[in-house]
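S.K.: predicted model, plus sequence, below.
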Amino acid sequence: TEVEMTEQFDKVEKKRYRQFIGAMLAFAVFYYLRYFKHTMTEYNTTLFAMSYKYGFISRGMLGTIWAGLDKILPLDLMTYEAVYWFNWGITWLFSLLVIVFLGKCIRKVKAEHRHNMYYMAIACAIYFFPMFWSEEMFGRLDVYLYILTFICLFALLDEKAEWIIIPIGILCMCIHQGFVFTNANLILVPLFYKIMTEEGKRRKKYILLFAGFFLTISALFLYFEFFSHGNGASIYKEVVAAAKALSENGKGYNKSVIQHEILGKDVYDSEARYHALNRTEFPAFLVLYAPYLPIVIHFFKGLFKRSESGQSKWAHAAFLLGACTILPQYLLKVDFGRYAFTTFTYYIVMVMILMVMQDKAVADQLETTKEKIKATIPVPWIVLLYPMFLMPFYDVIISGATSKLRTLVMEVLGMQ
């Protein structure tokens, strides 16, 4: 009977889901064993030395929480080992939240689109799992921002306690004001999508949430960038001493972080050699990812053709342009690996979110693009698995593969 068929399908689907979650856990462990270097850089330990003990300074929240824990716990947390193991636990928490996010999207999507959601979940895992285990990225503030961003996304997908995104947004800005460029789009774009697709009281609710979130993070960004360095000179030596005490050798600290966040200095000129590296490596990155350009064009071109109304087109335009918030980072900063990571994960996560929000145009176009890939490429799985050979992304250097290609080209051209 139809009921028996449905029950059988549920059993099969539940088994498939459990197997997938188990595979993701194994995948996370594999990347941990493959890429974890068992060390932290001075950049990431220095961040724990900055706290609101020195005033309402930028990037001071994490150090404030850490200093508070040091006072109430019967342990000495102001050591490299304590910071190291805390970040180890935080990075595993991030990996588990990634799995929770993937599982939530698979459970919530319509049954007819679940197969494609599995593909998107695999793509998401390939980027997320290895990112924060490398020496450069282990303990980076980004991992804290993504943990908090996932909590906001859980609230939006479940449509429960959605107001929490505003205080979480404030917390994220206090951890790192770069949140406004790198992660906020993952919250603002779904909110804008709901404004464009909902009506009545529900639409008003999302307008208020969007405005509250946007205005608070914007105000905090302006404060931290331009008004939080007034007493920098007077606290400089004390912060440096605290940063050295937290480093692995007890002597090192990151000068760039201290100069920008404590003294308020523009570090653009001092990072000139990194900008030069970016200019020569980024073309290599574009070459390695060029095969994906026709796929992206096919997807978005088809998506806008499927948009049925003006509001739908505005919503999809926001989806397409949402990653533009990262552009100032590419233009002014040097951590191209981080920015490439946030760009790719933005589009993957947003496709998954819009599918859960039952955007028929996105789900149908994803199916059409998948069929186009299958008809064009002899081994379609290569589209999904190819990024595994380019991961993980780092900070200034985008990835090992792009760096090697850059070096090879420069040697051939005699520029090395």
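M.R.: On my side now, so go ahead.

S.K.: give me the distance between the residue nearest the centre of the chain and residue 387.
M.R.: Of all residues in the chain, the one closest to the mean position by CA atoms, centre = their mean is residue 342, 4.7 Å from it. Using CB to CB, to the nearest Å, residue 342 is found at 15 Å from residue 387. Every C-beta, even on glycine, is put in place using the N, C-alpha and C of the backbone.

S.K.: can you check residue 279 too?
M.R.: The spacing between residue 279 and residue 387, counted by CB to CB, is 23 Å.

S.K.: same drill for the two, tell me which one is more crowded.
M.R.: A direct count of neighbours by other CB atoms under 10 Å for residue 279 and residue 387 places residue 387 higher, at 18 against 10.

S.K.: that one contacts residue 128, correct?
M.R.: No - with contact defined as CB atoms under 8 Å, residue 387 does not count as touching residue 128 (11.3 Å).

S.K.: residue 285 contacts residue 394, doesn't it?
M.R.: No - contact criterion CB under 8 Å: residue 285 and residue 394 do not qualify, at 11.8 Å.

S.K.: count the neighbours of the residue nearest to the residue nearest to the centre of the chain when sequence neighbours are not counted for me.
M.R.: In space, and not counting its chain neighbours, residue 342 is closest to residue 182: 4.7 Å by CB to CB, 6 or more residues apart in numbering. Using other CB under 10 Å, residue 182 has 25 neighbouring residues.

S.K.: same thing with residue 393?
M.R.: Neighbours of residue 393 under the rule other CB under 10 Å: 28.

S.K.: which ones are touching it?
M.R.: Residues near residue 393 by CB atoms under 8 Å, 6 or more residues apart in numbering: 131, 137, 337-338, 340-341, 399.

S.K.: avg pLDDT for stretch 189-208?
M.R.: Stretch 189-208 shows a mean pLDDT of 94.

S.K.: which residues sit against it?
M.R.: By CB under 8 Å, 6+ apart, stretch 189-208 touches 153, 156, 162, 165, 209-210, 213, 311-312, 314-315, 318-319, 322, 350, 353-354, 357, 359.

S.K.: for residue 393, grab phi and psi.
M.R.: Main-chain torsions, residue 393, degrees, to the nearest 10: phi -80, psi 150.

S.K.: look up the residues forming beta bridges with it.
M.R.: In this entry, residue 393 is beta-bridged to residue 399, by DSSP bridges.

S.K.: what about it, distance to residue 181?
M.R.: From residue 393 to residue 181 the distance is 17 Å (CB to CB).

S.K.: same thing with residue 285?
M.R.: Separation of residue 285 from residue 181 (CB to CB) stands at 19 Å.

S.K.: identify the residues contacting residue 174.
M.R.: Going by CB under 8 Å, 6+ apart, residue 174 touches 60-61, 220.

S.K.: which SSE is immediately downstream of the helix or strand hosting it?
M.R.: In the assignment (DSSP states H and E), residue 174 maps to helix 165-175. Heading C-terminal from helix 165-175, the first helix or strand you meet, by DSSP H and E, is helix 179-182.

S.K.: and whatever helix or strand comes next after that next one, how far out from the chain middle?
M.R.: Past helix 179-182, further along toward the C-terminus, the next helix or strand under DSSP H and E is helix 185-197. Distance of helix 185-197 from the chain centroid (CA atoms, centre = their mean, to the nearest Å) equals 17 Å.

S.K.: for the contacts of residue 174, give me TSV that also has distance to residue 304.
M.R.: TSV is the format used below for the contacts of residue 174 (distance: CB to CB, whole Å):
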residue	distance to residue 304
60	43
61	40
220	34
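
S.K.: from residue 136, how far off is residue 172?
M.R.: 21 Å.

S.K.: the two: which is more packed in?
M.R.: Counted by other CB under 10 Å, residue 172 and residue 136 do not tie: residue 172 has more neighbours, with 29 against 21.

S.K.: contacting residues around that one?
M.R.: 144-145, 148-149, 179, 183-184, 217.

S.K.: go with 10 Å
M.R.: Going by CB atoms under 10 Å, 6 or more residues apart in numbering, residue 172 touches 61, 141, 144-149, 152, 165, 178-180, 182-184, 187, 217, 220.

S.K.: just the buried ones from those, in PyMOL syntax?
M.R.: Those of the contacts of residue 172 that count as buried under 16 or more other CB atoms under 10 Å are selected in PyMOL with:
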select buried, resi 61+141+144+145+146+147+148+149+152+165+178+179+180+182+183+184+187+217+220
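
S.K.: if we can go back for a sec, starting at the chain centroid, how far to the helix holding residue 174?
M.R.: With CA atoms, centre = their mean, you get 15 Å for helix 165-175.

S.K.: stretch 113-125 now?
M.R.: Its chain's C-alpha centre lies 18 Å from the corresponding centre of stretch 113-125 when counted by CA atoms, centre = their mean.

S.K.: mind listing what's buried in it?
M.R.: For stretch 113-125, the neighbour count (16+ other CB under 10 Å) marks 113-114, 116-118, 120-125 as buried.

S.K.: show me where pLDDT drops low in the protein?
M.R.: Under the criterion pLDDT under 70, the flagged ranges of the chain are 1-9, 230, 232, 415-416.
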